[in-house]
Structures are given as structure tokens and as C-alpha cells.
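Enquirer: here are the coordinates; sequence isn't available:
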Ligand SMILES: Nc1ncnc2c1ncn2[C@@H]1O[C@H](COP(=O)(O)OP(=O)(O)OP(=O)(O)O)[C@@H](O)[C@H]1O
């Protein structure tokens, strides 16, 4: 199965279970993926299927007694614009952290374009650009210095770093604040300079946790354009977001996760069917409350 972009759909869904032994889930997840098989898409007969940009198998993470991620299997097709959505506390950040080398899974594996991330972290991470949640930056650097630092850290030569730094500052509308310390940036400016830092080495896969949070609409539209042309050029973007309308319009593929499980995944059109993505999300996740309660809030009062 393919979407309009031609990217193969290989997203898989894990049964919603919470067994006592999570290692079994990792095995079951791998078995299930093997049973379902990766959809070969429109590839030439006999040609091997290209590796997924991100291939997650049986990912599992517990914090104390809290199970944050309970056996997630997911393939993010190379060349897709992939949205990860879910309610607060669903396990999105924990999953993305394990998928990008920021957090070691209790069980399970993560592959980046076929490379085992935890077995070969340097090779896998060279292909990744990451915008983590609650990003901590070296904020006593100016915006231009931070981008230069990120480029040099990624092994680019100085002239390439200088060229890309200027282009990224323009693209993110940060030129006027290039010499301002990042600590003095607004939340949206910080997000944009962090995003630019994630892109400077032209990674094959960009994993962005809430990239549009606090970003103004014009900058958000510019960033969307940048990401779309990056995908058109063969890159893969994974974004987590709470904004269903944005994901529906922007992404080719989506996974809905809740309670540490994948509830549904595939092309956006396949997942939402005849409904909006938001309606499908609410249908799957539930949790809508009636208007009872909080009566005191509806009562206008002169007291106080
Ligand atoms: N370091 C931690 N220590 C303890 N519990 C954690 C930790 N990180 C995450 N959790 C818990 O794991 C669960 C999943 O959290 P996670 O941040 O992955 O969710 P999320 O889907 O990204 O949520 P949100 O949309 O609110 O950002 C939550 O119940 C959270 O409280």
C-alpha cells in the first residue's frame, strides 16, 4: 500500500495488552511484524524492500511502577511525513527518546534506516536530526554561535557551517537576532534555533517533538514549507503533535498512541477513513467528558 507521496506504508499495530513479562511483548511484537510483513509497496519485483526510516520493535519503558511505553512496534516509511499523536502522557516523548538514542529502552530495538541504534549509535545518530521535548540548549551562545557549534559538532567544515548557518537564520527569520544570546530568545525563537540546529548536518531523518509549539503562524508556515521540501528531497520527518488538523493537512502517515500502545497507524487517509483525524482520534482514545460538574464555574458571582 502506498500513499500519494509514493512512500510505502509499513506501519504496524500492536495488540493492547499488558502482560507480566514485557520481554514476551517484544518477542510477540517482532513475531507479529514478521507475520504481517512489511508492505513492499511499488518496488520492482524481486528488489528488497527499503529499510524503514525508523523501525521500532517491542519498545518498552517503565519508570518505577509506571509503564510509559508498553511494547510499541512501528515502521516509519522512508520518505514519509509521519505524525505521532496521542493524549497527554500517551508515551510519545518516551517513544521518540528511545527511537533516537536519548533514552535506553527496557526492552525492544530501534533501527534507523536499517542500522540498530543501540548497537551502532554513532552510525545511526549521524543520520538523525533531533528536536527533543523541553530542549536544553547552550543558551549562553548567540543564535549564530549555537548553529555554528551544532554544525562543527556534526563534523562539517567551517565554510559549509558558515554558509548553512546564514541560510538557516534566514529560513527561521532569526537574522535580526543572530547575535542575541539564546537565553534571551522567546520560546518560539528558541524552538526555531533548536530546529535549525537539528537540520544543519542535512540528516536523512528528522525527529521533532512538538516542533510548532509556541511558534508564530508565519514561522510555522515557513517551517512547514522547509519540512515539505526536505521530504520531497527524500528525507523523512517524524513529528509529534497535539494539533490534529495540522497533522491531517501536513502528514502523509500517522500513528495514534495511547497508554503506551499504538492504537492505529498507516497513511493519514487510511487511519481517518471518512472522518476527520480528530474525530477518529477521539473515537479511538475516548476520554471526552460531559459538561456535568464545575457548576460553580458557570455561576456568575459577585462574591470575592
Ligand atoms: N522521567 C520520568 N520519570 C517518571 N515518569 C515519567 C518520566 N517520563 C515520562 N514519564 C511518564 O510516562 C508517561 C508517558 O510520558 P510521555 O512524556 O512519554 O508522554 P507524552 O505522550 O509525550 O505526553 P505529552 O503529550 O503530555 O507531552 C507519563 O505517565 C509520564 O508521567
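Expert: Nice, I can see it. Since we're looking at a predicted model, the values are computed, not measured.

Enquirer: OK, contacts around residue 147?
Expert: 161, 164, 165, 168, 169, 193, 196, 197, 200 (Cβ atoms under 8 Å, 6 or more residues apart in numbering). Glycine gets a C-beta too; all of them are placed from N, C-alpha and C.

Enquirer: what helix or strand does the third one sit in?
Expert: When secondary structure is defined using DSSP states H and E, the element that contains residue 165 is helix 158-171.

Enquirer: what's the farthest-apart pair in the contacts of residue 147?
Expert: 161 and 193 (14.7 Å; Cβ to Cβ).

Enquirer: who has more neighbours, those two?
Expert: residue 193 (29 against 21; other Cβ atoms under 10 Å).

Enquirer: Name the SS class of the more buried one, please.
Expert: helix (DSSP: H, G, I helix; E, B strand; the rest coil).

Enquirer: Residue 56: what secondary structure?
Expert: strand.

Enquirer: What is the burial count for it?
Expert: Neighbours of residue 56 using other Cβ under 10 Å come to 28.

Enquirer: so who does it touch?
Expert: 72, 73, 74, 75, 95, 98, 99, 108, 109, 110, 111.

Enquirer: Which of those residues fall within helices?
Expert: 95, 98, 99 (DSSP state H).

Enquirer: Just to check, the second one is in contact with residue 57?
Expert: Spelled out, that is residue 98. No: applying Cβ atoms under 8 Å as the test, residue 98 and residue 57 come out as separate, 11.1 Å apart.

Enquirer: Now for the two: what residues contact both?
Expert: 108, 110.

Enquirer: what about the helices in the protein?
Expert: Under DSSP H, the chain gives helices at 22-36, 92-99, 121-126, 143-153, 158-171, 187-199, 217-232, 244-250, 268-272, 277-285, 295-298.
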